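Asker: Starting from these lines, generate the structure:
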Amino acid sequence: MIRFGLCVGATEFASLGISDKALRALDPTLARDDVDRERRLFKRTQILEELQCATEVPRRTFVSRFEPAPRDWALGRYALKLPRENLRMLGKKLVCGAAYVLNERSYIEVDHMITVHVVNAAGAAYANDFIDNYGSRTHRGPGIVIGMARPAEDSQSAMFEILIWDRLVLHATVVDVHSALGDES
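Answerer: Numbering: from 1, shown residues only. Next up, the predicted model:
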């Protein structure tokens with residue numbers, strides 16, 4: 001949350017207050033105790049060390065909808081690294097929570113696999129159309145919209161599209177491992 005919070009504008013309505021919250025999380029003067037202060041200092045140092053001038057980062061590596069605007073390039077703005085695996089872990093966590101809330105308070109079973117997909121515009125359009133035609137979208141609090149479509153024969157399997165702050169779009173699938181492997185038993 002801190003990394004993405006530093007990348008959204010302070011006045012963007014869908015993420016209102018998030019950038020301030022991210023900055024407060026890095027402020028050691030707001031720590032509750034010495035341990036919290038050290039954690040905040042460590043995280044702040046880590047993020048500062050990872051900052052790169054946006055002009056030095058290949059444009060294709062930016063998370064969709066987080067690319068610098070043309071004026072950002074001219075102003076010499078910075079880019080912040082976000083490891084792809086962290087994005088996948090976030091996606092899995094959100095899918096588990098969404099599935100629990102939207103699927104009658106049931107957990108995703110161990111025989112189902114969650115895969116978070118980083119897709120291009122064509123893949124995003126396909127998922128969007130699929131959910132529009134076969135699923136539904138639910139607004140879950142300020143700044144979060146969850147789209148989900150699932151087959152009638154398996155209440156656990158599903159396709160998800162999670163939109164956070166009108167910026168971050170995560171796509172994921174939940175599939176029965178046995179069906180995916182062609183095992184009918």
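Asker: use CA for all of it now, contacts and neighbours both
Answerer: Noted.
Asker: For the longest strand seen in the chain, which residues meet the burial criterion?
Answerer: Longest strand in the chain, counting residues (DSSP state E): strand 168-176. Across strand 168-176, burial judged by 16 or more other CA atoms under 10 Å covers Val169, Leu170, His171, Ala172, Thr173, Val174, Val175, Asp176.
Asker: Can you say which helix or strand has the closest residue to the third one other than its chain neighbours in it?
Answerer: If the residues on either side of it in the chain are set aside, His171 comes closest to Glu161, at 4.6 Å by CA to CA, 6 or more residues apart in numbering. Here Glu161, judged by DSSP states H and E, is contained in strand 158-164.
Asker: how about the helices of the chain, start to end?
Answerer: In the chain, the segments counted as helices under DSSP state H are 2-5, 18-25, 34-50, 70-75, 84-102, 121-134, 177-180.
Asker: any idea how the chain splits into domains?
Answerer: The chain breaks down by automatic domain parsing into domains covering 2-79, 84-180.
Asker: just the ones you listed: most buried one?
Answerer: Of all those, domain 84-180 carries the top mean neighbour count, a mean of 16, counting by mean count of other CA atoms under 10 Å.
Asker: Quick one: mean pLDDT for it?
Answerer: What domain 84-180 shows for mean pLDDT is 86.
Asker: Stretch 65-79 now?
Answerer: 81.
Asker: Just give me how far it sits from the chain centre.
Answerer: From the chain centre to the centre of stretch 65-79 is a distance of 20 Å (CA atoms, centre = their mean, to the nearest Å).
Asker: now do stretch 45-57
Answerer: 20 Å.
Asker: can you list contacts of it?
Answerer: With CA atoms under 8 Å, 6 or more residues apart in numbering as the test, stretch 45-57 has contacts from Pro68, Trp73, Gly76, Arg77, Tyr78, Ala79, Leu80, Lys81.
Asker: which residue packs closest to the first one, ignoring adjacent ones?
Answerer: It stands for Pro68. Nearest residue to Pro68, sequence neighbours excluded (CA to CA, 6+ apart): Ala54, at 7.4 Å.
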